[in-house]
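S.K.: model the following, please.
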Amino acid sequence: MTTRYWLVKTEPEAYAWETFLREKRTVWDGVRNYQARNHLRAMKKGDQVLFYASVTTKAVQGTATVAKEHFPDPSATEGDWAAVELKLGASLHRPVELATIKADPQLAELPLLRQSRLSVMPLEKTDYERILQLGAA
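M.R.: Numbering: from 1, shown residues only. Below you'll find the model as predicted:
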């Protein structure tokens, strides 16, 4: 099975990286966009995920792994929505800010820059590894 790479976005006020650090696992639910929902459905156990805090932080803060593939979103009262379970990976040594991502020519095609409102998006392995490299500095 081939590992795929993803980026998930959250507002720190809704679910902060610090909360994930304490809890070690989380259900990634509450997604109400069809394209993002389809991305959740495409995630497989073991896939690698970057955790991006939007709005105030605007930075990739760490990594996670898909621990449980998609299931019905427990927060949905109607509709056909999906959730996954994420397991904590590691904090980046240095959060990779949006300004750094925008300034890096290797990341020019990153979905985060092209579809900034999308909360779940696929990444190329090279983009995932580049962000990890920037966060290790």
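S.K.: would you mark the buried spots in the helix ranked longest in the chain?
M.R.: Scanning the chain for the helix with the most residues, using DSSP state H, yields helix 125-136. By neighbour count on 16 or more other Cβ atoms under 10 Å, the buried set for helix 125-136 is 127, 128, 130, 131, 132, 134, 135. (Glycine included, C-beta is placed from N, CA and C.)
S.K.: from these, pick the one nearest residue 43.
M.R.: Checking the buried residues of helix 125-136 against residue 43 with Cβ to Cβ, the nearest one is residue 128 at 13.8 Å.
S.K.: quick one: contacts for the nearest residue to the closest one once chain neighbours are set aside?
M.R.: Of all residues not flanking residue 128 in the chain, residue 5 sits nearest, at 4.0 Å (Cβ to Cβ, 6 or more residues apart in numbering). By Cβ atoms under 8 Å, 6 or more residues apart in numbering, the contact list for residue 5 reads 47, 48, 49, 50, 122, 123, 124, 125, 127, 128.
S.K.: where does the protein have low pLDDT?
M.R.: For the chain, residues meeting the criterion pLDDT under 70 lie at 137.
S.K.: which residues in it form strands?
M.R.: Ranges of strands in the chain, per DSSP state E, are 5-10, 25-28, 48-53, 59-72, 82-97, 120-123.
S.K.: so which of those is the most packed in?
M.R.: Ranked by mean neighbour count under mean count of other Cβ atoms under 10 Å, those are led by strand 48-53, which reaches a mean of 23.
S.K.: who's in contact with that one?
M.R.: 3-12, 16-17, 20, 43, 59-66, 86, 89, 112, 123, 128, 131.
S.K.: rewinding a little: which one of the contacts of residue 5 is nearest to residue 36?
M.R.: Distance to residue 36 across the contacts of residue 5 (Cβ to Cβ) is lowest for residue 122, with 10.7 Å.
S.K.: right, and that closest one touches residue 39 too?
M.R.: Yes - between residue 122 and residue 39 a contact is recorded at 6.2 Å, counting by Cβ atoms under 8 Å.
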